[in-house]
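Peer 1: Can you look at this prediction? I've put the sequence above it.
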Amino acid sequence: MNQNAPDRAPWASFVSQWKTLRILAEQPEQAIREQILAPMLVMLGYGLRTVNDILYEHVEPLPDEYRMVGSRRIKVDYIPTLRLQRFWIMEAKKPGSLSNTAANKTALLQAHFYATYPTINARYIVLADGEQLRVYDARSTSLDEARLVVMRETAETNFGEFYALFAARHLLDAVRRDVLSDLERVLSKEIDVNAPRAFASAMAEVTQRVTPIINENVRQLIVTHHQTKVASRVSYLQAADLRTVLAVMGHPTEVGFDTSNELARRLIESNEATRRSIAGELMIAVAGPVRQTVRVFVMRALLLAAASRTTTDWNQLLQFGVSLARENLTYAADNPLLNATLHFENASDRVAMKLSQHFFEETAAQAERTARKTMALEDLLKEPPSKNVPLIFGSSGMTARLADALRSPDPDVLLKRIRALERFEQAHLSQTPPHLFGDQIYLASKGVEFDFLIRATVDSLYQIVQAAPGLLPDDLAKIAAGWETSTFPATPLVPDGDFDLETFAALEAGFKVLQQS
């Protein structure tokens with residue numbers, strides 16, 4: 001694969017599909033709408049019941065003074081909106097009809113009336129007959145000349161111009177360019193040399209008035225995008241089987257509580273037999289060494305289900321959750337392998353993150369700078385690039401490799417390897433904990449940057465106390481209060497002992513290879 005090959009244009013797939021369609025002259029306009037225009041609008045970034053809603057077959061009643069056109073109403077095939085504002089309309093025509101000059105003229109005059117009708121007030125008109133897209137400016141004085149014509153057989157040559165004009169992410173840029181062109185045309189006819197200055201002053205006042213509106217547009221864009229992502233993730237988790245949910249929460253980059261919320265929902269809404277079956281599978285899932293995320297999210301789900309008190313067996317769920325919380329806070333000291341595994345996870349995560357920063361931070365920072373220069377503003381607002389994202393995923397890969405290489409079913413062997421990992425860390429890596437997750441900066445004062453098990457257990461207990469005061473035993477309720485008072489339980493120390501020389505040597509050798517590459 002050519003890593004330097006340019007990304008495929010976002011409209012390329014649509015054009016390819018359009019060119020392969022079998023379009024017959026006897027087909028109705030509806031075929032053009034369904035086969036071409038509907039998928040094209042989705043590709044351009046518009047969608048029904050979204051912030052860029054599409055008014056489909058939109059009807060406007062005509063008052064008496066307009067009825068000279070011979071109709072009591074107008075019906076526009078499509079009015080795509082940008083944050084619910086109307087800038088263009090699109091009319092579907094019978095296949096191939098726009099190649100007929102007379103039919104084209106009639107279609108344009110009809111669409112022009114629609115676009116300039118006061119309650120629609122659209123700037124651009126698009127006519128589509130399956131064989132071509134014709135673009136007109138509704139404010140143009142030359143309606144005989146299309147601003148842009150995209151023919152199906154040669155669409156790959158200039159569909160990019162169509163996309164640059166009508167894609168939701170580009171539309172306002174196009175409108176601004178045309179407004180400035182209109183302004184230049186008007187001002188060029190002035191004889192008052194102060195007119196441009198007066199306009200600039202008026203524009204400054206407009207800018208001041210619309211700035212709060214723009215800020216609110218930004219907020220709504222970010223909120224809507226987040227809600228869409230959350231809804232998609234919730235739908236995915238609700239449709240997944242229990243093993244899939246557990247697998248998701250065991251991924252090294254998994255830090256959100258949505259998997260836990262889904263487990264809690266299943267426990268609360270299931271009948272008693274299903275609930276006991278789920279609880280049984282959860283007990284099996286946390287009985288052996290698993291990632292800290294699984295132990296926390298299972299514990300939280302059990303306690304949330306108990307806090308609801310809507311189940312007849314909520315007390316059993318509470319007891320299971322409480323016992324798991326106590327095991328988390330002590331690293332299950334009576335289970336040597338589990339204790340060693342939890343220490344190993346902390347050490348391997350920390351070392352992997354430090355290695356990722358040590359070798360790849362500048363590359364990731366450069367990638368972020370490049371992305372900020374090339375991404376569309378809307379994408380920057382919705383998904384701002386961050387050097388931390390590739391570093392986090394890179395470190396999760398290193399964590400997995402360390403786990404594969406160093407894991408052992410013998411707790412004494414595993415502890416020796418952990419001590420070797422920590423000695424390697426002290427010899428070669430920064431002693432300052434990396435802050436690849438935002439909340440670690442805040443939690444640095446609590447001394448638990450790399451102990452997800454402790455901090456997430458305390459966080460979960462705090463949430464339960466807020467939701468159901470008096471539910472937790474006093475000792476856990478007191479620990480939960482540490483989320484606000486910064487009195488977190490200390491991370492259990494790795495027991496003293498020998499370190500594994502072979503592990504240390506392998507880590508040193510791997511470090512040298514990375515330095516040389």
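Peer 2: Done, it's in.
Peer 1: any low-confidence regions in the stretch 51-200 of the chain?
Peer 2: Applying pLDDT under 70 to the stretch 51-200 of the chain picks out residues 64-70, 141-143.
Peer 1: And the helices in the stretch 401-517 of the chain?
Peer 2: Along the stretch 401-517 of the chain, the stretches classed as helices by DSSP state H, counting those that start in this stretch are 411-428, 438-443, 452-467, 474-480, 482-485, 501-516.
Peer 1: Same question for the stretch 251-400 of the chain.
Peer 2: 258-269, 272-285, 292-308, 314-330, 336-374, 377-382, 388-406.
Peer 1: List the buried residues for the longest one?
Peer 2: Residues of helix 336-374 classed as buried by neighbour count (16 or more other Cβ atoms under 10 Å): 337-357, 359-361, 364, 367-368, 371. Glycine gets a C-beta too; all of them are placed from N, C-alpha and C.
Peer 1: Buried deepest among the helices of the stretch 401-517 of the chain, which one?
Peer 2: helix 452-467 (a mean of 22; mean count of other Cβ atoms under 10 Å).
Peer 1: Between helix 258-269 and it, find me the angle.
Peer 2: 50 degrees (axes from the mean of the first three to the mean of the last three Cα atoms, to 10 degrees).
Peer 1: for helix 452-467, packing partners?
Peer 2: Counting contacts by 3 or more Cβ pairs under 8 Å, 6 or more residues apart in numbering; DSSP states H and E, helix 452-467 packs against helix 292-308, helix 314-330, helix 336-374, helix 474-480, helix 482-485.
Peer 1: Which of those helices comes out lowest on mean pLDDT?
Peer 2: Least confidently modelled of the helices and strands packed on helix 452-467 is helix 482-485, at a mean of 83 by mean pLDDT.
Peer 1: Pull the contacting residues for the residue nearest to F499 when sequence neighbours are not counted.
Peer 2: Leaving aside its chain neighbours, F499 sits nearest to R419 (3.6 Å; criterion: Cβ to Cβ, 6 or more residues apart in numbering). Each residue near R419 by Cβ atoms under 8 Å, 6 or more residues apart in numbering is listed here: 494, 497-500.
Peer 1: that older thread, which stretch in the helices of the stretch 401-517 of the chain has the least confidence?
Peer 2: Note on the helices of the stretch 401-517 of the chain: helix 438-443 shows the lowest mean pLDDT, a mean of 38.
Peer 1: State the distance from the most centrally placed residue in the chain to E383.
Peer 2: With distances taken as Cα atoms, centre = their mean, K229 lies nearest the centre of the chain, 5.3 Å away. K229 sits 9 Å away from E383, going by Cβ to Cβ, to the nearest Å.
Peer 1: pretty sure E281 contacts L242?
Peer 2: Yes. Counting by Cβ atoms under 8 Å, L242 is a contact partner of E281 at 5.8 Å.
Peer 1: any residues in contact with both of these two?
Peer 2: Shared contacts of E281 and L242, defined by Cβ under 8 Å, 6+ apart, are absent.
Peer 1: Can you tell me the SS state at the residue of the chain most remote from its centre?
Peer 2: Largest separation from the mean C-alpha position in the chain: I191, at 52.7 Å (Cα atoms, centre = their mean). At I191 the chain is in coil, as set by DSSP: H, G, I helix; E, B strand; the rest coil.
Peer 1: my read: R295 touches F452, true?
Peer 2: No. In this structure R295 lies outside contact range of F452 using Cβ under 8 Å: 9.6 Å.
Peer 1: Pull the contacting residues for Q110.
Peer 2: So Q110 contacts E91 (Cβ under 8 Å, 6+ apart).
Peer 1: any idea which helix or strand carries it?
Peer 2: Using DSSP states H and E, Q110 sits within helix 101-116.
Peer 1: Pairing partners for the next helix or strand after that helix, with directions?
Peer 2: With elements assigned by DSSP H and E, the helix or strand that comes after helix 101-116 is strand 124-128. Strand 124-128 pairs in its sheet with strand 88-92 (parallel), strand 132-137 (antiparallel), by DSSP bridges.
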